[in-house]
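[1] Need a 3D model of the sequence below.
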Amino acid sequence: MGGSVSSLDENKCNYIRGKAEAELKNFSPHYRRQYPVTFFNHIRREIEQDRETQPQLLNRKEPAETGKVVYEQEVIQYVEEFKKWKDRYIVIKNDNNIECYENKDVYQKGGGPKCKVVPTGCRALTSMTDYTLLVDKYFPDLSGPNGKDGNQSLLVNHTQYPVYLWHPFRKHSYFCCENEEKQQGFGAALHGCIRHLNYEFAKQNTLEAQVFSEAIQFFRQEKGHYGSWEMNQGNEVLILSNQVMEELLPSLQSDLLPKLKGKKNEKKKAWFSIVEEAYNLVQTQLAAGLQSLHDECKKSSKEMEGIIRSDMDQIISSKEFTAGKLKATVIEKAEQCCLENIQPYLASILEELMGLISSGFSEVRTLFENEVDELSTKYQDAGNAEKLKEYLAQLMNLPFDAVKMQSCYKNVSPLQDQLQDLKSRFKFTNTPWLVQTTQNFMQELMDNAVYTFEKLLSDSLTTKTSKTITSIEKVKQRVLKQYDHDSSTLRKRLFQEALVQITLPTLQKTLAPSYKRELQKFEQYIFADYTKLVQVENIYEEILLHTIIREVVKERKNIVASVLLTC
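    This next block holds a predicted model:
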């Protein structure tokens with residue numbers, strides 16, 4: 001590495017483990033408190049069943065084919081062990097991990113990869129300037145920017161088409177491609193892996209994912225952090241590890257950075273190696289503790305389930321009575337805060353969201369239509385049923401074609417820059433969540449569209465080419481109508497969720513000094529048998545959430561009405 005401190009000594013390792021253990025100890029009460037509350041809500045939703053608008057497009061009921069390859073490409077990778085660039089064959093499967101093989105022949109013969117990269121929390125960059133800016137941002141150089149080696153890059157690229165995989169706490173990966181087309185294709189594939197891995201845990205409807213989500217929110221509020229967090233990516237171990245690292249880094253910087261020797265690039269490499277080692281220690285320490293915490297809470301769920309199912313009506317009554325008392329106290333100030341600090345800005349934010357997000361979903365529709373038209377033309381030329389099966393198989397892969405889908409995804413990428421004002425007004429910095437979640441939904445809708453098309457067409461296929469072409473057109477039009485319905489429903493949900501994520505923290509932070517300490521006195525209204533299942537703090541958060549949602553829905557209806565009037 002070139003620095004005098006290239007790894008952590010035992011004392012520093014124990015210090016890091018202690019920090020992780022202390023964070024878990026402070027987090028655990030929030031998890032234990034949220035488990036019964038979320039378990040009750042989980043069963044209640046199961047009994048009452050969701051009344052959401054049902055989609056018209058079909059979705060795949062069967063699990064995705066394990067190990068399905070979605071991207072493969074020859075690249076050149078920088079191998080730190082040898083300090084050399086090496087030819088590699090990249091394979092990305094539907095688990096979104098990046099497998100790096102020595103060559104294509106090794107992969108096809110069933111050999112193992114040289115390495116596997118899990119890009120959760122990473123950023124894929126194709127510009128050395130952008131990569132260097134990130135590296136410098138996360139390397140707090142105590143000597144300042146001066147010096148003859150101050151602006152040197154960490155390594156010299158093998159070609160002029162680099163792809164960097166960057167993470168704040170993990171080793172970076174470096175690749176080069178032979179031309180711009182392959183560079184853009186590889187970069188698009190990496191973006192797809194990252195956005196899925198970042199938010200697939202949050203998207204899960206499992207009890208455990210919901211418990212953790214609620215618990216980490218209250219845990220961060222206790223530390224004075226409200227709202228969406230940019231490092232809320234990956235599973236529960238990664239998310240809590242990111243929380244630990246945020247608090248741990250300042251002490252590591254003050255203790256270890258002054259001891260690093262050598263040129264600036266050597267110190268950078270040594271520092272990033274230290275940070276990665278600390279991150280691995282934190283994850284190892286937290287993984288076992290979180291599993292024990294989960295197992296402990298799960299043991300109590302059997303007994304709770306019996307009480308919940310037999311006393312559901314009484315628990316709901318107790319909760320609603322307490323909510324009525326609390327709402328009467330809170331609602332006036334909540335609505336006043338919305339009127340003064342949130343409502344005046346909702347229209348402009350919503351217009352920004354609607355324009356870019358709608359254009360992205362519109363592009364998905366256009367791409368699907370164009371691909372089906374191309375399928376029809378090719379089949380008409382071939383006039384062969386076997387060829388049609390081949391073309392349908394290609395269409396079914398469209399949602400996983402990162403290059404073709406990029407024309408859709410790029411429509412929402414400008415949200416990253418256009419919502420900059422939110423950083424100062426609402427302290428909202430997590431635009432990557434908004435962009436990547438929207439892109440995930442766009443891919444999901446395309447997948448539903450091609451799946452529905454294939455299923456409907458298979459029911460109406462004939463041996464006559466002319467009739468099959470007519471069927472293709474009819475099925476396409478039917479799927480497009482279903483797409484329009486599902487797209488509209490999904491976009492409304494996205495707009496609402498985005499506006500809530502952006503504005504709710506302002507309401508929470510504004511009212512916290514007035515009400516957070518007063519919540520305890522409302523516990524007297526909850527039946528003694530249900531105090532674990534009904535928490536006043538959760539009721540308070542629900543009141544604030546519903547207050548914001550009412551404002552958001554009202555503003556959305558106003559904008560839609562004004563658009564209709566101008567038509």
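[2] Show residues contacting the lowest-mean-pLDDT helix or strand in the chain.
    When each helix and strand of the chain is scored by mean pLDDT, DSSP states H and E, helix 421-425 comes last, with a mean of 79. Identification of contacts with helix 421-425 by C-beta atoms under 8 Å, 6 or more residues apart in numbering yields Tyr345, Ile349, Phe428, Thr429, Thr431, Ile502. Where you see a C-beta, it was placed from the backbone N, CA and C, and this is true even at glycine.
[3] tell me which residues of that helix are tucked away?
    Across helix 421-425, burial judged by 16 or more other C-beta atoms under 10 Å covers Leu422.
[4] chain center to the helix or strand that comes right after that helix: distance?
    Proceeding N to C from helix 421-425, the next assigned helix or strand is helix 431-458, under DSSP states H and E. With C-alpha atoms, centre = their mean, to the nearest Å as the basis, helix 431-458 stands 16 Å off its chain's centre.
[5] how far out from the middle of the chain is the least confident helix or strand of the chain?
    With C-alpha atoms, centre = their mean, you get 21 Å for helix 421-425.
[6] Could you do stretch 417-424 as well?
    That offset, for stretch 417-424, works out to 19 Å (C-alpha atoms, centre = their mean).
[7] mind exporting it as CSV, just the C-alpha atoms?
    Below are the C-alpha coordinates for stretch 417-424, written out as CSV (Å, rounded to 0.1, in the frame of the first residue of the first chain):
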residue,chain,number,x,y,z
ASP,A,417,-30.2,17.6,-10.6
GLN,A,418,-33.7,19.2,-10.9
LEU,A,419,-34.6,18.5,-7.3
GLN,A,420,-31.5,20.2,-5.9
ASP,A,421,-33.6,22.9,-4.2
LEU,A,422,-35.1,20.2,-1.9
LYS,A,423,-31.7,19.9,-0.2
SER,A,424,-31.9,23.4,1.2
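[8] can the contacts of helix 421-425 go into JSON lines with extra columns for pLDDT and neighbour count?
    JSON lines is the format used below for these (pLDDT from 0 to 100; neighbours: other C-beta atoms under 10 Å):
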{"residue": "Tyr345", "pLDDT": "92", "neighbour count": "18"}
{"residue": "Ile349", "pLDDT": "91", "neighbour count": "23"}
{"residue": "Phe428", "pLDDT": "88", "neighbour count": "23"}
{"residue": "Thr429", "pLDDT": "87", "neighbour count": "15"}
{"residue": "Thr431", "pLDDT": "91", "neighbour count": "21"}
{"residue": "Ile502", "pLDDT": "94", "neighbour count": "27"}
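[9] Closest one to Met396 out of the residues you listed, please.
    For these, the closest approach to Met396 (C-beta to C-beta) belongs to Thr431, at 32.0 Å.
[10] Need the residue closest to the centroid of this structure.
    Tyr199 (2.6 Å; C-alpha atoms, centre = their mean).
[11] What's the separation between it and Ile526?
    From Tyr199 over to Ile526 the distance is 34 Å, taken as C-beta to C-beta, to the nearest Å.
[12] Find the nearest non-adjacent residue to Thr159, please.
    Closest residue in space to Thr159, ignoring its immediate chain neighbours: Cys176 at 4.3 Å, by C-beta to C-beta, 6 or more residues apart in numbering.
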